[in-house]
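Asker: One predicted model, sequence on top.
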Amino acid sequence: MGVYDPQIGVGTSGTRPALGRNYATNAATAGRVLTSQGDNLPPTWTAPAPGVVPVAQTLFVDAVNFGAVPTGTLAAPFQTIQQAINQAVVNGWLAVQIIVAPATYADPVAIPIALQTVVIGTWNSLGAILGGDITIASLAAGWADLTLRGVMVTAATITTDNPAVQDLSLALIDVDCAATITAFNLTLMQRTTMQSGAVTVGGGLVATFDGWSWARHLQMSPVFTVGAIYTRNLWDAGHGTFATTVTVNGVAVGATAFVALPVPAYVRADDRVAVQVADPAVQDFLVGVHGVNAASVVVWLTNLSRVSTNFADDVLLLVHHETMIADT
C-alpha cells in the first residue's frame, strides 16, 4: 500500500507540474488565500488582491470596523468611500455600488470620469451620515449618474466637477439631504426624501417627486434656480393634509361669507382641496371649498343657526397635488 503524502503541490509556471512540494511556512488565516511564491518556494497564506471578490461590482465601507487589510469585501471593508471609489477605478469598472455601514463619513468624495454610475447606500436601517462634499466628473457628451440611498447628507455640496458644462442625474431614495446641488443640466429624482438644500442649474432641470417628497419639498421650500426649462413630475396622487381655522365675524343667520385661509408653501393654484370640520358635533354652520389660489384656499361658510354670528372653527384640509406646473 502506498503512503499518503499530505504535502501541498503548487504549480507555479503555467501547466508545468509542481516544482515545490512544501508546507506553507505561515499559519492558515481565515479570509486569506494560499499563494505561490515561485518555483521551488513554499506557498504562503496572503490577503487576496483588493477587489478580486466583488459581489456584483459591490464594495463595502465601514468607517469604524474596517479591515486591517481592506479589500472592499464584507469581511474586510474599506475605511472611506473614496477608497472604494479608487478601487472600482483600479478594477476597470464603469459602475459600482458602495454599501456603507452606520457611521459618519466626513471625508470628501471625488468621483472620476472613469465611473459613469455610482450608487452609495447603507446595509441596514440605521443609516449613515455623508459629511464630505461630493464631486462628480461627467462625460464630455453625457451624464454622470449618482444614486444615494438610505443616508443623511450633511455635506455642503453635491456638484459636477464643472457645473458650467457638466450634467448630472441624481437619485435620492430615503435620504435627508441638506447639500446644495449644482450641475449644468440636472435630472433629480426624489423618493421618500427631504431635500432642504438649494438646487442651482445653469441649463434645464427635470425633477421627479413621489407624494411624500413633494409634500416635504413644499414644507422645506428649498430654492431652485434654473437657467432654462424646469419640468416637474409627480409619481402618485400626492395627497397631504393641513390643519387650520376658519375665522370670520358678523355672519348673520342664513347668510354666507367667503373666507381665504392662508396655506403658505403648501398649496398651489392647480391643487384640488376638500374640507372637513374638526368637530363634527358642531352643526350650526356649513362650510365648503370655493377655490384655490397660490398659498391660500377660499372656503364659503353659511351660518345656519349661530346667534353670535362669529366663527373661529377648526377644519382639516385634504390637499390633492394634481398637476406639476413650472415655477415662475
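Answerer: Okay, I see it.
Asker: What's the separation between Asn86 and Gly72?
Answerer: Asn86 sits 10 Å away from Gly72, going by Cβ to Cβ, to the nearest Å. Heads up, the C-betas are built off the backbone N, CA and C, glycines and all.
Asker: Neighbour count: those two, which is higher?
Answerer: Gly72 (27 against 16; other Cβ atoms under 10 Å).
Asker: So that one: helix, strand or coil?
Answerer: coil (DSSP: H, G, I helix; E, B strand; the rest coil).
Asker: surely it meets Phe60?
Answerer: Yes - the criterion here is Cβ atoms under 8 Å, and Gly72 meets it with Phe60 at 6.0 Å.
Asker: which neighbours do these two share?
Answerer: Counting by Cβ atoms under 8 Å, 6 or more residues apart in numbering, the residues touching both Gly72 and Phe60 are Phe78, Ala84.
Asker: contacting residues for the most centrally placed residue in the chain?
Answerer: When the chain is reduced to its mean C-alpha position, the closest residue under Cα atoms, centre = their mean turns out to be Leu172, at 2.4 Å. Leu172 sits next to Thr147, Leu148, Leu188, Met189, Gln190, Arg191, Thr193, Gln195 when contact means Cβ under 8 Å, 6+ apart.
Asker: one more time with 6 Å, if that's ok
Answerer: Leu172 makes contact with Leu148, Gln190, Thr193, according to Cβ atoms under 6 Å, 6 or more residues apart in numbering.
Asker: What of Val273?
Answerer: Here Val273 is in contact with Val289, Val292, Val297, Leu317, Val319 (criterion: Cβ under 6 Å, 6+ apart).
Asker: export those residues to CSV and tack on neighbour count and pLDDT?
Answerer: Output for these, formatted as CSV (neighbours: other Cβ atoms under 10 Å; pLDDT from 0 to 100):
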residue, neighbour count, pLDDT
Val289, 17, 97
Val292, 19, 94
Val297, 25, 96
Leu317, 22, 94
Val319, 22, 87
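Asker: Can you tell me which of the residues you listed is nearest Ala278?
Answerer: Checking the contacts of Val273 against Ala278 with Cβ to Cβ, the nearest one is Leu317 at 10.8 Å.
Asker: Quick check, that closest one in contact with Phe242.
Answerer: Yes - the pair Leu317 / Phe242 is scored as a contact, 4.5 Å apart, by Cβ atoms under 6 Å.
Asker: Mind jotting down where the helices sit in the stretch 151-300 of the chain?
Answerer: With helices called from DSSP state H, counting those that start in this stretch, the stretch 151-300 of the chain shows them at 211-220.
Asker: and which of the contacts of Val273 is nearest Asp167?
Answerer: Using Cβ to Cβ, Val319 comes nearest to Asp167 of those, at 33.5 Å.
Asker: That closest one pairs with what?
Answerer: Residues in a beta bridge with Val319, per DSSP bridges, are Gly240, Val273.
Asker: Quick check: it touching Ala243?
Answerer: No - counting by Cβ under 6 Å, Val319 stays clear of Ala243, with 11.4 Å between them.
Asker: picking that back up, the residue nearest to the centre of the chain pairs with what?
Answerer: Going by DSSP bridges, Leu172 is paired in beta bridges with Leu148, Gln190.
Asker: Thr200 now?
Answerer: With DSSP bridges as the criterion, Thr200 is bridged to Thr182, Thr225.
Asker: which secondary element of the protein has the worst mean pLDDT?
Answerer: strand 20-21 (a mean of 46; mean pLDDT, DSSP states H and E).
Asker: Redo the contacts of Val273 as CSV? Include distance to Asp270.
Answerer: Shown next, in CSV, are these (distance: Cβ to Cβ, whole Å):
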residue, distance to Asp270
Val289, 14
Val292, 8
Val297, 13
Leu317, 15
Val319, 11
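Asker: Give me the neighbour count for Ala269.
Answerer: Count around Ala269 with other Cβ under 10 Å applied: 12.
Asker: Can you report how many residues lie near the closest residue to it other than its chain neighbours?
Answerer: Nearest non-adjacent residue to Ala269, counting by Cβ to Cβ, 6 or more residues apart in numbering: Ala294, 5.0 Å away. Per other Cβ under 10 Å, the neighbour tally for Ala294 reads 13.
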